[in-house]
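Q: Any chance you could fold what I've pasted below:
(one chain, ligands or ions: 2)
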Amino acid sequence: MKSYSINELIQSPPLKQEVEVNGWVKTFRSNRFIALNDGSTIKNIQCVVDFEQFNENLLKKIATGAALKIKGVLVESLGKGQNVEIQAQEIFVHGEADPDSYPIQPKRHSMEFLREQAHLRIRTNTFAAVMRVRSALSFAIHAYFQKNGFYYFHAPIITGSDAEGAGEMFRVSTLDPKTPPLTENGDVNYKEDFFGKETNLTVSGQLEAEAYAMGLGKVYTFGPTFRAENSNTSRHLAEFWMIEPEMAFYDLKDNMDLAEEFIKNIISYVLENCEEDLEFLEKRLLDEEKTKPMAERGEMALIDRLKFVVDNDFIRITYTEAIEILRNSKPNKKKKFKYQIDEWGADLQSEHERYLVEKHFKCPVILFDYPAKIKAFYMRLNEDGKTVRAMDILFPGIGEIAGGSQREERLDVLKEKIAALGIDEKELWWYLDLRKFGTAIHSGFGLGFERMVQFATGMGNIRDVIPFPRTPQNAEF
Ligand code: ATP
Ligand code: MN
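A: Numbering: from 1, shown residues only. Ligands and ions are numbered 1, 2, ... in the order given. This next block holds a predicted model:
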């Protein structure tokens, strides 16, 4: 007898044949109908039990959450909601789940509750759907780059360069925290640490990716990054995954074109390959939004949102144009923004980004040519001497989903910027070498993977799109 996944049974049912499935009980109704799910699809298979055929003690063990193996004949179903069902002939209980203590019962649980049960929440429809979409997106990302001449590049996770400047870092050390070796000045002597210097978990693989782009041409990273920023928002994690393509001979326009095509491509893939999960997530989102005030509801249902992004050009405007729009906007004039926009040069907050995307343009927006002062040192200075070739991609409901730039390829300009920041050139010697030997224009960006998963699934909190979220005060699992 062949063992099938439930997805196989539903997709191409071997009718009237004996089949075997394994899975977890979603519900057991009337001592007769088992809805079984094995994770292969959002759909359950109905297994019909003739209770006279089975021992009462066995039936008692069948409850929500129990793991079963069921053998029986696959037949067409007359019941509502499914085409096929299994007439159970043999049931083997792999493992019971005591209804009095198993936390995942067939009812609506709050997301907060499920976060405390992160090891079991994957047994809910919502998390299984989200994680299948997450997996599909990962595949789509690799497929896109591999098809388009990019090489997958593994940036180091432990980094010795402390000039990445993207945020607070987690120190990596084997020194005894109670009695670390000290220098004459009383500072911790990292020369005696494992690597002989201070090291941290990476906040971005960009600098290393630049080195590899200047030899392989087009590379991308797709791996975990770490930020010890104490920001408890629905869009920040301490450990998250980032996709960072880096391309030699690309200017900012090429960079924007790539980012837009790439994002549209991976969303298309999900639309084509995750239809049932998206339909489920769309319904979930509609239900959730019903409980919110009108102003906070999305204007489009989930699948339409995704199609909209695929079908429409992203708006591209300069930072300077954005400031003009914001300065003249209603919330700014009525002092509704927490941070008022008065002058050119102001850093844009999430409220401003979301105003542009959700209220003004109602479309994904790429902002570019930002003031040099509010952006990283490695971004290419424009002829005006005050803006850099930076770009941020802003998405409805999310805010910034990706950030990138054309990199400064001119040794003298880069050195000046480093000096102005008070960074010691020696710390960046190898990065500067890239400008000494065969330098060329190049560009790249970083896309936050979880923010993309949030957009694709409509999940409001980033903690619910990564299996085991790491946030301040939280690394339980
Ligand atoms: P934000 O302003 O939202 O904190 P950032 O400017 O710090 O973002 P970058 O350093 O440009 O972000 O990182 C590139 C991308 O990585 C961002 O566009 C975002 O999608 C994602 N990202 C950044 N920080 C986090 C985080 N703490 N958790 C999850 N994703 C993040
Ligand atoms: Mn940040």
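
Q: contacts and neighbour counts: CA atoms only from here.
A: Will do.

Q: quick one, phi psi at whatever residue of the stretch 201-350 of the chain ends up closest to ligand 1?
A: Residue of the stretch 201-350 of the chain nearest ligand 1, by Cα to the nearest ligand atom: residue 236 (3.5 Å). Taking degrees, to the nearest 10, you get phi -120, psi 130 for the backbone angles of residue 236.

Q: tell me the domain ranges of this structure?
A: 3-105, 123-151+253-463 (automatic domain parsing).

Q: hmm, back to that, assess the claim that the residue of the stretch 201-350 of the chain closest to ligand 1 and residue 462 are in contact.
A: Yes. Using Cα atoms under 8 Å, residue 236 makes contact with residue 462 at a distance of 6.8 Å.

Q: Confirm for me that residue 47 is in contact with residue 85.
A: Yes. Under the criterion of Cα under 8 Å, residue 47 makes contact with residue 85 at 5.7 Å.

Q: How many residues are close by residue 203?
A: If you count neighbours by other Cα atoms under 10 Å, residue 203 ends up with 26.

Q: wait, residue 422
A: Here the number of neighbours of residue 422 (other Cα under 10 Å) works out to 9.

Q: And it, how close does it get to residue 389?
A: Separation of residue 422 from residue 389 (Cα to Cα, to the nearest Å) stands at 22 Å.

Q: How is the residue of the chain positioned farthest from its centre assigned, secondary-structure-wise?
A: Most distant residue from the mean C-alpha position of the chain: residue 52, 49.2 Å away (Cα atoms, centre = their mean). Of the three states, residue 52 takes helix according to DSSP: H, G, I helix; E, B strand; the rest coil.

Q: which residues does residue 235 contact?
A: 398, 451, 461, 462 (Cα atoms under 8 Å, 6 or more residues apart in numbering).

Q: one more time with 7 Å, if that's ok
A: Applying Cα atoms under 7 Å, 6 or more residues apart in numbering, one finds that residue 235 lies in contact with 451, 461, 462.

Q: Quick check: it is in a helix.
A: No. Per three-state DSSP, residue 235 lies outside any helix segment and is coil.

Q: Which one of the contacts of residue 235 sits in the busiest neighbourhood?
A: Within the contacts of residue 235, residue 451 tops the neighbour count with 28 neighbours, counted by other Cα under 10 Å.

Q: At the contact with ligand 1, which residues of the stretch 301-450 of the chain appear?
A: For the stretch 301-450 of the chain, the residues in contact with ligand 1 (Cα under 6 Å from any ligand atom) are 400, 401, 402, 403, 446, 447, 448.

Q: Now residue 390, what are its backbone angles?
A: Given degrees, to the nearest 10, the pair of backbone angles that residue 390 has is phi -100, psi 160.

Q: pretty sure it contacts residue 405?
A: Yes. With contact defined as Cα atoms under 7 Å, residue 390 reaches residue 405; the gap is 4.1 Å.

Q: Quick one: residues contacting the residue nearest to residue 227 when sequence neighbours are not counted.
A: Excluding its sequence neighbours, the residue lying closest to residue 227 (Cα to Cα, 6 or more residues apart in numbering) is residue 238, at 4.9 Å. Contact analysis of residue 238 by Cα under 7 Å, 6+ apart lists 226, 227, 228, 229, 470, 471.

Q: Distance check, the closest residue to ligand 1 within the stretch 251-400 of the chain against residue 353.
A: As assessed by Cα to the nearest ligand atom, ligand 1 sits closest to residue 400 within the stretch 251-400 of the chain, at 5.0 Å. Residue 400 sits 7 Å away from residue 353, taking Cα to Cα as the criterion.

Q: so what pLDDT did the residue of the stretch 251-400 of the chain closest to ligand 1 get?
A: Listed pLDDT for residue 400 reads 95.

Q: JSON lines please, covering the residues of the stretch 301-450 of the chain next to ligand 1 and showing neighbour count.
A: Below are these laid out as JSON lines (neighbours: other Cα atoms under 10 Å):
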{"residue": "400", "neighbour count": "22"}
{"residue": "401", "neighbour count": "21"}
{"residue": "402", "neighbour count": "22"}
{"residue": "403", "neighbour count": "20"}
{"residue": "446", "neighbour count": "25"}
{"residue": "447", "neighbour count": "22"}
{"residue": "448", "neighbour count": "21"}
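
Q: Including distance to residue 122, could these go into TSV?
A: As requested, those are arranged in TSV below (distance: Cα to Cα, whole Å):
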residue	distance to residue 122
400	28
401	25
402	28
403	31
446	28
447	25
448	22
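
Q: still on that earlier bit, what is in contact with residue 400 and residue 353 at once?
A: The contact sets of residue 400 and residue 353 overlap at residue 394 (Cα under 7 Å, 6+ apart).

Q: what about the strands in the stretch 201-350 of the chain?
A: Secondary structure of the stretch 201-350 of the chain (DSSP state E, counting those that start in this stretch): strands at 218-226, 239-248, 315-318.

Q: Export these as a markdown table, with columns for mean neighbour count and mean pLDDT.
A: As requested, the strands of the stretch 201-350 of the chain are exported to a markdown table (neighbours: other Cα atoms under 10 Å; pLDDT from 0 to 100):
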| stretch | mean neighbour count | mean pLDDT |
| --- | --- | --- |
| strand 218-226 | 23 | 97 |
| strand 239-248 | 25 | 98 |
| strand 315-318 | 15 | 98 |
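
Q: what's the closest of these to residue 33?
A: Nearest to residue 33 among these is strand 239-248 (41.0 Å), distances taken as Cα to Cα.

Q: what mean pLDDT does stretch 106-121 have?
A: 96.

Q: which residues touch that stretch?
A: Contact with stretch 106-121 is made by 26, 27, 127, 468, as judged by Cα under 7 Å, 6+ apart.

Q: tell me the SS of the residue lying closest to residue 128 once chain neighbours are set aside?
A: Counting by Cα to Cα, 6+ apart, residue 128 lies nearest to residue 122, which is 5.3 Å off, once chain neighbours are set aside. Classification of residue 122 by three-state DSSP places it in helix.

Q: State the number of residues packed around residue 122.
A: By other Cα under 10 Å, the residues close to residue 122 number 18.

Q: Same question for residue 48.
A: For residue 48, the count of nearby residues is 20 (other Cα under 10 Å).

Q: Just list the residues touching it, thanks.
A: The neighbours of residue 48, taking Cα under 7 Å, 6+ apart as the test, are 32, 33, 34, 86, 87, 88.

Q: Quick check on it: phi, psi?
A: Residue 48 has phi and psi values of phi -100, psi 130 when expressed as degrees, to the nearest 10.

Q: Okay, and the beta partners of it?
A: For residue 48, the beta-bridge partners are residue 33, residue 87 (DSSP bridges).
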